[in-house]
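> Dropping a prediction and its sequence here:
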Amino acid sequence: MFRRIVFTAALAGLIAGLFLFSAQSLRVIPIVHEAETYETASAKNPPPANHPHENSGADHGRGALTALANVITAIGFALLLTGAISLRGDADFRRGLLWGLGGFAAFSAAPALGLPPELPGTIAAGLFERQIWWLGTAAATVAGLALIAFAPGARWKFPGALLIALPHLIGAPQPDNHTALAPEALQRQFVVAALATSGIFWLVLGGLCGYLFQRFERA
């Protein structure tokens, strides 16, 4: 069982992580690069106009690191999904999609309600405070969804919903003065692109975990 979980998570995480990087390269990363031009302009240190490809090597290196980070993160999430799937049993592609939706809700959508994805040059609250709120929100959402979906009896539905809402009732940490160098329209595009990409990633990851776990069981 343990080997099947590890093999499933490794393969699903590798595929989903590379898929995520490909999807980010289409829309998310170009928006980030555009936002960085506002940082450069703000610092009054624009790159020389006659050397447009001066940082191409650095861009390729950053892309490789982003792809590697995506794969490692995807494998970690895949281990969580596959472990949960193994406890519930009856894994398949369609049930994997539902697990993926739950992962998106807990680790992307719910935290984004209080701390939406931010572009470079955005003034935010302290990193430690944001990390604590993000972790608390993800944990509360996972626990709340588990109560709603799996706890026997209707009496657990309200506590589950309350757990999901609790971090947002407390409120995410916010800076005293929320400013950003990039235009607001670009920030909105980034939030939509980041969440859409994350949603597709979680569906791919969940579906792969369910499908591969079932296939390895048959093998």
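That came through, no problem.
> Show the contacting residues for the nearest residue to residue 103 once chain neighbours are set aside.
In this structure, residue 103 finds its nearest non-sequential neighbour in residue 202, 4.8 Å apart by C-beta to C-beta, 6 or more residues apart in numbering. Yep, even glycine has a C-beta here, placed from its N, CA and C like the rest. Residue 202 makes contact with 100, 101, 103, 104, 107, 108, according to C-beta atoms under 8 Å, 6 or more residues apart in numbering.
> By mean pLDDT, flag the weakest helix or strand of the protein.
Ranking every helix and strand in the chain by mean pLDDT, DSSP states H and E puts helix 28-42 at the bottom, with a mean of 86.
> Mind checking what helix or strand follows it in sequence?
helix 56-88 (DSSP states H and E).
> Measure how far the next helix or strand after that next one is from the centre of its chain, please.
Where DSSP H and E defines the elements, the next helix or strand beyond helix 56-88 is helix 93-104. For helix 93-104, the separation from the chain centroid amounts to 14 Å (computed by C-alpha atoms, centre = their mean, to the nearest Å).
> and what of stretch 111-124?
13 Å.
> starting at the chain centroid, how far to the least confident helix or strand of the chain?
21 Å.
> same question, stretch 205-218
21 Å.
> Go through that stretch and flag the buried ones.
Using 16 or more other C-beta atoms under 10 Å as the test for burial, stretch 205-218 gives 205, 206, 207, 208, 209, 210, 211, 212, 213, 214, 216.
> Contacts only, for the last one.
In this case it means residue 216. 4, 7, 8.
> Leaving out the residues flanking it, which one is nearest to the first one?
Yep, that's residue 4 we're talking about. Closest to residue 4 by C-beta to C-beta, 6+ apart is residue 216, at 4.7 Å.
> any idea how far residue 14 is from the one you found?
As defined by C-beta to C-beta, to the nearest Å, residue 216 lies at a distance of 15 Å from residue 14.
> Going by secondary structure, the residue nearest to residue 4 is in what exactly?
Going by DSSP H and E, residue 216 is part of helix 184-218.
> Am I right that residue 81 is in contact with residue 207?
No - here residue 81 lies out of contact with residue 207, judged by C-beta atoms under 8 Å, at a distance of 10.2 Å.
> Need the overlap of contacts for those two.
Looking at what touches both residue 81 and residue 207 (by C-beta under 8 Å, 6+ apart), the common residues are 96, 100.
> follow-up on the earlier one: for the contacts of residue 202, which single residue is the most surrounded?
Counting neighbours by other C-beta atoms under 10 Å, residue 103 comes out on top of these with 28 neighbours.
> What confidence value was assigned to that one?
Here the pLDDT value assigned to residue 103 is 96.
> residues touching it, list them.
Contacts of residue 103 (C-beta under 8 Å, 6+ apart): 77, 80, 81, 202, 205, 206.
> Brilliant, that's me finished.
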